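Peer 1: curious how this folds, go ahead:
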Amino acid sequence: MRNKKNQPSQEDPCHPNLPPVSKGHAVADDGISRRDFLGVAAASILLAHAEEHSAQLESRNGIPYRTLGRSKEKVSLVGLGGYHLGKQADPQESIRVIRTGLDEGVNFLDNCWDYNGGESEIRMGNALRDGYRQKAFLMSKIDGRTKAAAASQINESLRRLQTERIDLLQFHEVIRDTDPDRIFAEGGGMEALLEAKKAGKVRFIGFTGHKSPDIHLKMLATASRHGFTFDAVQMPLNVMDAHFNSFEKKVLPVLVKNDIGVLGMKPMGDHIILESKTATPVECLHYAMNLPTSVVITGCDSLPILKQALQAARSFQPMDSSQVASLLARTAKAAEAGQFELYKTSHQFDGTYANPQWLG
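Peer 2: Model (predicted):
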C-alpha cells in the first residue's frame, strides 16, 4: 500500500499489501476510564526517565542523541527504517534519502536480511560508499533460528551492505512462543551470532518482534537463563500500543531496569494509526520520543517524509503528564480491539509466517 502524498510512510512491515482500514471510528471523550488512567500512570512513571534523557541530550545538527543502553553508544533520536527504502521505485532516491539523513545528523540505520528480497540492504550498501559508512550506526536483522541459517544470513547481509561489520544485529520477528527456545538451543541461531561477534563481524546483539509483549518477556527470560543479556530490543511503541496488549506497559520497564537499549518502531503503526484520525504524524513521533526510547525508527521512502521526521526530532520537547493524558484519552476508543495495530492482531506483517523457510 502506498501512502498518500505528504503522509509518512512507515516502518518495517514484512508484507506490503494491507487490507483497507475502515474509517470513522469514534474518538474517545475527555473522560479517562480506569484502564486509561493506568495507561497514563505507566506513561507518567516512565516520563521521569524520558526527562532524564532530555536533560543529558547531546545533538548533531539539531538532531538529539541518546545512549543505546548498556552499549553506551550514542544514537540519533530518530532512525531510518529500511523496509520502505527498498520499496521506493527509484533506487537513487533511496540513496539520496539515506545520505541526506546522515548529512542532517541521523546516524541510526535499520535494515533486515529479508526486506524486499535483499534490495533494501543492497541500496543501503550502495548509499554507505564514499565515506558514508563512517557516519552510520548500522543495524540489520536475520531470521535464522538455526546456527547454519543464521550464519548464512549474516554473511549475506555483510556482503549486501558492503561492510565488514554490522554495529547491531538482531533476531527478527520473535513472534512465536517457540522462538526463544529455538534461538538459544544447542545448534541454534545464537551460536552463530556469538561466533560472528567474536570474529568482529557484529558488535552488539538484540532482537525484534511486534506480536506480543509476553513473547518479548519470554525471550528476555530465556536469555537470562543462559547467562546472556541483550544489548537492545526493538518493539512497537505508539499511542495505540499504550491501550492494547501493551509493550510499553509490560516490556519497557524491564528494559529500562536492565539498561537494555530501547528501539521504538511503528510510531504510526505503518501509517494505519493515522487512519484513526486521533493523532497527527508529529504527535505520534513525539509520543514515542517521549518514552525512554534510545531511538524511534520510522520509514522514510522520500525526501519530504525524511524532512518531516527530522523536524519532529528537532522540535521534540518532553511532554508533561497532562499532555500525555490528553493524547491517550483521544486514542483510547480507537485502540480498544487492536484494529489499528494489525501487526499484533493479524499475520499481515509476519514475513516469516508466509516464508517459514527463512527460519531454517
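Peer 1: look up how far Val254 lies from the residue nearest to Lys250 when sequence neighbours are not counted.
Peer 2: Nearest in space to Lys250, with sequence neighbours left out and distances taken as CB to CB, 6 or more residues apart in numbering, is Pro213 at 3.9 Å. Using the backbone N, CA and C atoms, a C-beta is placed for each residue, glycine as well. For Pro213, the distance to Val254 (CB to CB, to the nearest Å) stands at 10 Å.
Peer 1: where do the strands of the stretch 101-250 of the chain begin and end?
Peer 2: Listed in chain order, the strands of the stretch 101-250 of the chain (DSSP state E, counting those that start in this stretch) span 108-109, 137-142, 166-171, 202-208, 232-236.
Peer 1: all helices for the stretch 201-350 of the chain, in order.
Peer 2: Along the stretch 201-350 of the chain, counting by DSSP state H, counting those that start in this stretch, helices occupy 213-225, 247-250, 252-257, 281-290, 303-315, 321-335, 342-345.
Peer 1: looking only at neighbour counts, state which of Pro213 and Val254 leads.
Peer 2: A count of neighbours by other CB atoms under 10 Å puts Pro213 above the other of Pro213 and Val254, at 21 against 15.
Peer 1: contacts only, for the more buried one.
Peer 2: Taking CB atoms under 8 Å, 6 or more residues apart in numbering, we find Pro213 in contact with 235, 245-247, 249-251.
Peer 1: any chance you could map the helices in the stretch 1-150 of the chain?
Peer 2: Using DSSP H, counting those that start in this stretch, helices in the stretch 1-150 of the chain cover 34-55, 83-87, 91-104, 119-127, 147-161.
Peer 1: show me what counts as buried in stretch 190-203.
Peer 2: 190-193, 196-197, 201-203 (16 or more other CB atoms under 10 Å).
Peer 1: closest to Gly105 among those residues?
Peer 2: Arg203 (21.4 Å; CB to CB).
Peer 1: okay, the closest residue to the closest one other than its chain neighbours: pLDDT?
Peer 2: Spatial nearest neighbour of Arg203, excluding adjacent residues (CB to CB, 6+ apart): Asp167 at 5.0 Å. pLDDT recorded at Asp167 is 98.
Peer 1: could you tell me the least trusted of the helices of the stretch 1-150 of the chain?
Peer 2: Here the helices of the stretch 1-150 of the chain differ in mean pLDDT, and the lowest is helix 34-55 at a mean of 47.
Peer 1: partners of the residue nearest to Glu58 when sequence neighbours are not counted in the sheet?
Peer 2: With sequence-adjacent residues excluded and distances taken as CB to CB, 6+ apart, Glu58 is closest to Tyr65, at 5.0 Å. Beta-bridge pairing for Tyr65 (DSSP bridges): Glu58, Ser76.
Peer 1: show me what contacts Tyr65?
Peer 2: 57-59, 74-77, 107.
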